[in-house]
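> Pasting a predicted model and its sequence here:
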Amino acid sequence: MPAEMTKNARILATLGIALAMFLAALDQTIVGTALPRIVAELQGLDYYAWVATSYMVASTVMTPISGKLGDLFGRKPALLIGIVGFVLASALCGQAQDMAELIAFRGIQGLFGGVLFANVFASVADLFDPKTRARVQGIFGGIFGIASVVGPVVGGYLTDNLTWRWVFYVNVPVGVVALLAVFFFLPSVAHKASWRDIDFLGAVTLAGTLVPLLVGLSITRDHDWTSPEVLGLLGVAAVMGVIFFLIEQREKHAIVPFGLWKNRTFAVSMITSFFVAFGMFGAILYVPLIYQGVLGIPATNSGLLITPMMVGLVGASLISGQIITRIERYRLVGTAGILVMMTGLWLLGQVTTGSSELEVVRDLVLVGAGLGTTFPLYINASQGAVARQYLGVVSSQIQFWRNIGGTIGVAILGAVLSHDLPRRIQDAVAALNLPPQALAAIPTGTSPQAIFDSSRIAALKAAAPPALQPLIEQVLTAIRGALASTIHDVFIYATAIVAVALIASVFLKEVRIGHTPNREVVEAESRESAPASAASRS
């Protein structure tokens, strides 16, 4: 960015970028609260999951593509296109008349959300010198955490007091402010790229890889891993992935320069982001099951249950961004953060029906604190390890591998839960040795949903004869115990997977944050791009 930018212009440009990120991050959480109302009004229960899946797939596909385009044509046009497209798609979502329209518009919204996620952190790298950049990106990591807390609360309020359509309309005023700030205060940067430099074939084959991969993983909620649908989609993804890899080897302006994986700092940052996201999404998805299912705590707003984790995330992200520029061995900060996160996940796996709510709060703070430590650290390390021409690529790759890790984590941990829970509930209820007539009178006794819905429980007790009242409580307690046992396994698996990130973090090669990449890094990248250039000319 031009050195003559005034301080106020830089601040206002940063504010616009922050609002763009808040816009995209908020939409990932605000919609979930309104989904039950949306499904009830649009009559689309069978397509419930696709409202979120369409957004996630489109966003993940677009993230690496738009990151490369930002490197070629500049961050400002990418952000402006992303904001305008996101706001218009939000308005379309609010106008949806059926589930098919909503799913399609959410997919469009996801495309532009991917543009925003890919270019936000790269824009910060453009605006600030490397040392200041680390502190600012720590703040941006905190913004992501705040959006995760505010989203469900705002979504619930708008749905209850206005209509679910305002969950989408609320993006319009935020987007307008972000658009104005970016348009007037973020400078344009000259470039020599043209449309001929766009890797169209790479974009098509990347989409052909990611769409069946992500859809195949998403449908494991309803299909076995060995089903023809899942195996077919994963097989198509594997074939297209090989084609994509071969194409990128010969492309001058590759969307994913695979030669960057020879850079140890970049490789370790991507690996840790992938496996850390595995644990992050595990905590976000399954902690409400602990609160409502194991502990029996009613939740009027499930989004509030995750607040302690986000408090830890915001605080640790801010602190980490401040200290990584001041110590030489900052890789140990990341290692310590992942270890803290693993401790929190392991403790969540120890929760039983006799545990207190404060224990879960403590565990979530640990998970959030460990997670928040990694946010600014690995993106700053990877940005500092490559030449400036790759800033958009490495920034988008961090987000890309987080998305992939979270998707695979949700699929695997969800498979563990759905496979083990019904069997353990049956075993727990059978161990009560209830008479057949009692079991017949308690039809929800073997359903895990019975322990979440207080109105159903009240209706069940009211309809049951007085003699069966104690038995109902015994059955519910047995189901909660079975759920606690299953969730124990889920979080132990999550802890074990995050341990891979712990091991990888030890091998991070520190580059001095606050300095330009060393000569060896730049020369290695030049050697990596030279064969591609020759192939392209031929």
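Okay, I see it.

> lowest-pLDDT helix or strand in the protein?
Ranked by mean pLDDT, DSSP states H and E, the helix or strand of the chain with the weakest confidence is helix 519-537, at a mean of 43.

> and stretch 12-25, which residues are buried?
Neighbour counts over stretch 12-25 (16 or more other CB atoms under 10 Å) mark 12-14, 16-25 as buried. Quick note: C-beta positions are derived from backbone N, CA and C, even for glycine.

> starting at the chain centroid, how far to it?
18 Å (CA atoms, centre = their mean, to the nearest Å).

> Check stretch 462-480 too.
Its chain's C-alpha centre and that of stretch 462-480 lie 39 Å apart, by CA atoms, centre = their mean.

> Tell me which residues of that stretch come out buried.
By 16+ other CB under 10 Å, the buried positions in stretch 462-480 come out as 468, 471-472, 475-476, 478-480.

> In these, which has the lowest confidence score?
pLDDT across those is lowest for Leu468, at 69.

> The stretch 201-350 of the chain: helices as residue ranges?
228-250, 264-288, 307-323, 331-348 (DSSP state H, counting those that start in this stretch).

> Check which helices and strands the longest one sits against.
The one in question is helix 264-288. Applying 3 or more CB pairs under 8 Å, 6 or more residues apart in numbering; DSSP states H and E, we find helix 264-288 packed against helix 307-323, helix 331-348, helix 357-384, helix 391-430, helix 469-505.

> Tell me what angle the third one forms with helix 264-288.
Calculated by axes from the mean of the first three to the mean of the last three CA atoms, to 10 degrees, helix 357-384 forms an angle of 160 degrees with helix 264-288.

> dump the residue contacts of Val360.
For Val360, the contact set (CB atoms under 8 Å, 6 or more residues apart in numbering) comprises 287, 290-291, 295, 308, 348, 351.

> Most neighbours among those, please name it.
Most neighbours among the contacts of Val360, by other CB atoms under 10 Å: Leu348, with 28 neighbours.

> residues touching the residue nearest to Ala254 when sequence neighbours are not counted, list them.
Leaving aside its sequence neighbours, Ala254 sits nearest to Glu248 (CB to CB, 6 or more residues apart in numbering; 4.3 Å). Neighbouring residues of Glu248 by CB under 8 Å, 6+ apart: 199, 202, 254-258.

> which stretches of the stretch 251-400 of the chain aren't confidently modelled?
Scanning the stretch 251-400 of the chain with the threshold set as pLDDT under 70 gives 282-283, 297-305.

> redo that, cut-off 50
300-301 (pLDDT under 50).

> Can you add distance to Met341 and secondary structure and give the buried residues of stretch 12-25 back as JSON lines?
Listed next are the buried residues of stretch 12-25 as JSON lines, based on distance: CB to CB, whole Å; DSSP: H, G, I helix; E, B strand; the rest coil:
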{"residue": "Leu12", "distance to Met341": "35", "secondary structure": "helix"}
{"residue": "Ala13", "distance to Met341": "33", "secondary structure": "helix"}
{"residue": "Thr14", "distance to Met341": "28", "secondary structure": "helix"}
{"residue": "Gly16", "distance to Met341": "32", "secondary structure": "helix"}
{"residue": "Ile17", "distance to Met341": "27", "secondary structure": "helix"}
{"residue": "Ala18", "distance to Met341": "25", "secondary structure": "helix"}
{"residue": "Leu19", "distance to Met341": "29", "secondary structure": "helix"}
{"residue": "Ala20", "distance to Met341": "28", "secondary structure": "helix"}
{"residue": "Met21", "distance to Met341": "22", "secondary structure": "helix"}
{"residue": "Phe22", "distance to Met341": "24", "secondary structure": "helix"}
{"residue": "Leu23", "distance to Met341": "27", "secondary structure": "helix"}
{"residue": "Ala24", "distance to Met341": "24", "secondary structure": "helix"}
{"residue": "Ala25", "distance to Met341": "20", "secondary structure": "helix"}
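
> Name the nearest of those residues relative to Ala58.
Nearest to Ala58, judged by CB to CB, of the buried residues of stretch 12-25 is Ala24 at 12.1 Å.

> quick one: that closest one and Gly113 touch, right?
Yes - using CB atoms under 8 Å, Ala24 is in contact with Gly113, at 4.5 Å.

> which neighbours do the two share?
Contacts common to Ala24 and Gly113, judged by CB under 8 Å, 6+ apart, are Phe86.

> residue contacts, Ala125?
Residues in contact with Ala125 (CB under 8 Å, 6+ apart) are 133, 383, 391, 395.

> what about it, which helix or strand?
helix 99-127 (DSSP states H and E).

> Let me know the next secondary structure element after that helix.
helix 130-161.

> For that next one, what is the distance to the chain centroid?
Relative to its parent chain, helix 130-161 has a centroid offset of 13 Å by CA atoms, centre = their mean.

> So which elements touch it?
helix 7-42, helix 99-127, helix 166-169, helix 307-323, helix 357-384.

> Who are the contact partners of the spatially closest residue to Tyr169 that is not a sequence neighbour?
With sequence-adjacent residues excluded and distances taken as CB to CB, 6+ apart, Tyr169 is closest to Gly94, at 4.8 Å. Residues near Gly94 by CB under 8 Å, 6+ apart: 165-169.

> Rebuild those as TSV, extending it with neighbour count, distance to Phe185 and pLDDT.
Output for those, formatted as TSV (neighbours: other CB atoms under 10 Å; distance: CB to CB, whole Å; pLDDT from 0 to 100):
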residue	neighbour count	distance to Phe185	pLDDT
Arg165	18	32	88
Trp166	18	29	87
Val167	29	29	86
Phe168	26	27	89
Tyr169	17	26	89
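
> Sort out which residues of stretch 137-157 are buried, please.
Residues 137-156 are the ones in stretch 137-157 that count as buried (16+ other CB under 10 Å).

> okay, now Asp427: neighbour count?
Neighbourhood size, Asp427 [other CB under 10 Å]: 12.

> winner for burial among the helices and strands packed on helix 264-288?
Ranked by mean neighbour count under mean count of other CB atoms under 10 Å, the helices and strands packed on helix 264-288 are led by helix 357-384, which reaches a mean of 25.
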